[in-house]
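Colleague: based on what follows, work out the 3D shape:
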Amino acid sequence: MALVAGTAAAQTVLRVGATPVPHAEVLQVIQPQLAVEGIQLEIVEFTDYVQPNLALAAGDLDANYFQHIPYLEQFSQDHRLDLTYIAAVHIEPMGVYSGRWTRLEDLPQGASIAIPNDPTNGGRALLLLQSAGLIRLDPAAGITATILDVVENPLGLRFRELEAAQLPRVLPDVDAAVINTNYALEAGLNPVADALTIEGSDSPYANVLAVRTDRQDDPALQALARALTSSQVRDFLLERYGGAVVPAF
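Modeller: The predicted structure is shown next:
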């Protein structure tokens, strides 16, 4: 965080990392209001799920807004980062998409299914496939289940584990893919209309505003958290994304 000289008064600068859709779009909505409060919001866009947390921990960012709680907790543990979150903003229900089939019931024996290759999103994808009745997982696996935890697979589904950002691009090459909503939206997919099945609104995977733990009480960051959980953002999410992105506050 830095102070820059202005014509009237110094402004606090916050650099916030975000993936383009919907996170950067949401941040753009609150930029004017934060400016009134003396906070200049600089949005730094990322297209992956790794660099934003590393940049935050290194001090190159003041906050980031792109990930859900289980991913933040797992990533912080795996990389020994002292990160936390100060606002839960929205839920992006994960969905199953296909360029070949219009119903899950149409999936053939031995169908190829692409899922994210990171532990939390991979487990989340498998849980969605389980809720759709396609597989059964070992109950002890929890939210970080892997393909090794699949104990029943009647169709003999073949899983391809890929970086989450790549999943929309491989749709022509697989029978179906389980895609995070931000990447689905970027690829022009409508989660409500195009997904063969989608998580319910009770999903525990709220996307959050993450900060370094030693700055969680910073007044400027707290102002950012308030702005992200305002009625203005709630209305924007509901109107802009038509149910594909659900407020978590």
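Colleague: for the helix or strand where F236 lies, packing partners?
Modeller: Using DSSP states H and E, F236 falls within helix 231-241. Where contact means 3 or more C-beta pairs under 8 Å, 6 or more residues apart in numbering; DSSP states H and E, helix 231-241 is packed against helix 25-36, strand 246-247. Every residue, glycine included, has its C-beta placed from N, CA and C.
Colleague: what's the strand or helix carrying I43 in contact with?
Modeller: Per DSSP H and E: I43 is located in strand 39-45. With contacts defined as C-beta atoms under 8 Å, 6 or more residues apart in numbering, strand 39-45 is touched by 4, 11-20, 24, 27-28, 30-31, 34-35, 55, 61, 220, 223-224.
Colleague: what's in contact with stretch 25-36?
Modeller: Contact partners of stretch 25-36, identified using C-beta under 8 Å, 6+ apart, comprise 11, 14, 16, 18, 40-41, 43, 65, 89-90, 223-224, 227-228, 230, 232-233, 236-237, 240.
Colleague: cool, stretch 130-138 as well?
Modeller: 96, 104, 107, 126-127, 129, 145, 149-155, 157, 197, 199.
Colleague: so what's the most centrally placed residue in the chain up against?
Modeller: Centre of the chain computed as the mean C-alpha position; nearest residue by C-alpha atoms, centre = their mean is Q67, 4.2 Å away. By C-beta under 8 Å, 6+ apart, the contact list for Q67 reads Y49, P52, N53, F75, N207, V208, A210.
Colleague: state whether the third one is indeed within a helix.
Modeller: If I follow you right, that is N53. Yes - the assignment for N53 by DSSP: H, G, I helix; E, B strand; the rest coil puts it in a helix.
Colleague: go ahead and confirm it touches R212.
Modeller: No - with contact defined as C-beta atoms under 8 Å, N53 does not count as touching R212 (10.4 Å).
Colleague: who touches both of those two?
Modeller: Here N53 and R212 share the contacting residues L83, scored by C-beta under 8 Å, 6+ apart.
Colleague: sketch out the low-pLDDT regions of the protein for me.
Modeller: 1-10, 201-202 (pLDDT under 70).
Colleague: which stretches of it form helices?
Modeller: Taking DSSP state H as the criterion, the chain carries its helices at 25-36, 51-58, 69-79, 119-131, 181-186, 191-194, 219-228, 231-241.
Colleague: ok now the last one, how far from the chain's centre?
Modeller: Read it as helix 231-241. In this view, helix 231-241 has its centroid 17 Å away from the chain centroid, taken as C-alpha atoms, centre = their mean, to the nearest Å.
Colleague: returning to that earlier point: take the helices of the chain and write them to JSON lines, including mean neighbour count and distance to A248.
Modeller: Output for the helices of the chain, formatted as JSON lines (neighbours: other C-beta atoms under 10 Å; distance: least, C-beta to C-beta, whole Å):
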{"stretch": "helix 25-36", "mean neighbour count": "16", "distance to A248": "12"}
{"stretch": "helix 51-58", "mean neighbour count": "19", "distance to A248": "19"}
{"stretch": "helix 69-79", "mean neighbour count": "17", "distance to A248": "10"}
{"stretch": "helix 119-131", "mean neighbour count": "22", "distance to A248": "16"}
{"stretch": "helix 181-186", "mean neighbour count": "23", "distance to A248": "13"}
{"stretch": "helix 191-194", "mean neighbour count": "16", "distance to A248": "16"}
{"stretch": "helix 219-228", "mean neighbour count": "20", "distance to A248": "10"}
{"stretch": "helix 231-241", "mean neighbour count": "15", "distance to A248": "9"}
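Colleague: G133 - how many residues pack around it?
Modeller: 11 (other C-beta atoms under 10 Å).
Colleague: roughly how far does it sit from L107?
Modeller: 11 Å (C-beta to C-beta, to the nearest Å).
Colleague: go on, A223?
Modeller: 48 Å.
Colleague: what does D214 give?
Modeller: Remark: distance between D214 and L107 (C-beta to C-beta) = 48 Å.
Colleague: fine by me, thanks again.
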